[in-house]
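**Student:** pasted the sequence and its predicted model underneath.
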Amino acid sequence: MRTTKFKKLGYIALVEKGTKTITGIARIDGYTEPLSLAQLEQHEAKHRVPKSQYTASGYKWFTAMKLSNVQRLSSPIRYIHNNGTVIWVKLSEQPAVLASLSAQLIKLAHITKPLLEQKQKKKKLKVKPNNNVIHVSGSKAWLKELVQQQPLLADKQGLLPLSQLGHCFSAARCCLDGLYHLRCGEVEYRFDNQRDALSALRRDDALQWAWFSKNGRKTWQNTAAWQAEE
C-alpha cells in the first residue's frame, strides 16, 4: 500500500524493513486508484492492513501497488542503504549485490522449473530441461549486467535483427504470452517489452533470440544481418 502511484513497473527487489537485506523479488504490474474504506475492507486479505489501522485518523496509504511473481530468496542479501534514500535503492550502483542476486535467481530458476514445465506442457510447448529462466524486464540493472554495459552501437539504431533463415525479430513472431526470449549460453532471459529486448540485441550480436512458429514452436536464432524497421 502506497500514498501515491509511481511510474516504476517491472521487477524490483523486496527489502525487509529495518534489516538492510533483500529477502525476495516481485514484479510491479500496476497501481490502483485510491481505495475507499469499503474497498480496503473488501480486499483486506490481499493488503493485510488491519482495519484498526486504515480506519484510524491520519491513515493515508490508500493506493495499492499490484505485485505478481513474488519470490522469496533462499538467503537474505545485504545491501548498502545510503543516507537520504527513502523509497528506491539503485542496485545498479552495487555490482556485488547484483552478482549475489543473480546467483540466487539462477538457483531459484531450478526450484521453480517444474512449475514452469507444467504450465508450458498445458500449452503443448517443448521445454529444454537445462535452461535457466530469468525474467529481467523493467530492470535497467539486469539489462546492464546482461550486455556487460556495452554501448549502444549507432549503426544499429532503427534496425531489426535478421537470422540466417530469414526470420526477423518482430513482435508478430518473437513474442509469446507478452514475453521476448533471449539467450546467453545456458541462461534464458525474458523481457516483457520489445524495446528492452532490442536494446540488448543491439549491444551484443552474440545473444540468441527466440522465433515462434504459428503453432508456438520455439527455435533459437542467431543474428546474421540487420534490416530497417518497417
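**Tutor:** Everything's here; your move. Residues are numbered from 1 along each chain as shown.
**Student:** list the contacts for the closest residue to residue 227 other than its chain neighbours?
**Tutor:** Counting by CB to CB, 6 or more residues apart in numbering, residue 227 lies nearest to residue 162, which is 5.0 Å off, once chain neighbours are set aside. Any C-beta I mention is one placed from the backbone N, CA and C, and that applies to glycine too. Listed by CB atoms under 8 Å, 6 or more residues apart in numbering, the contact set of residue 162 reads 168-169, 223-227.
**Student:** so which of those residues belong to strands?
**Tutor:** Among these, the members found in strands (DSSP state E) are 223-227.
**Student:** most neighbours among the contacts of residue 162, which one?
**Tutor:** The member of the contacts of residue 162 surrounded by the most neighbours (other CB atoms under 10 Å) is residue 169, with 26 neighbours in all.
**Student:** Provide a list of residues in contact with that one.
**Tutor:** Residue 169 neighbours (CB under 8 Å, 6+ apart): 160-162, 197-198, 201, 209, 211, 221, 223.
**Student:** how close does the closest residue to it other than its chain neighbours sit to residue 171?
**Tutor:** Nearest residue to residue 169 in three dimensions, chain neighbours excluded: residue 161, at 4.3 Å (CB to CB, 6+ apart). Applying CB to CB, to the nearest Å, the value for residue 161 to residue 171 is 13 Å.
**Student:** buried by neighbour count: which residues of the lengthiest strand in the chain qualify?
**Tutor:** Scanning the chain for the strand with the most residues, using DSSP E, yields strand 65-78. Residues 65, 71, 73, 76-77 are the ones in strand 65-78 that count as buried (16 or more other CB atoms under 10 Å).
**Student:** the helix or strand of the chain with the lowest mean pLDDT: what's the following helix or strand?
**Tutor:** Least confident helix or strand, the chain: helix 140-146 with a mean of 53, by mean pLDDT, DSSP states H and E. Downstream of helix 140-146, the next assigned helix or strand under DSSP states H and E is strand 159-163.
**Student:** and the average pLDDT for that following strand is what?
**Tutor:** In this model, strand 159-163 has a mean pLDDT of 90.
**Student:** state the next helix or strand along the chain beyond that strand.
**Tutor:** Strand 159-163 is succeeded, C-terminally, by helix 171-174 (DSSP H and E).
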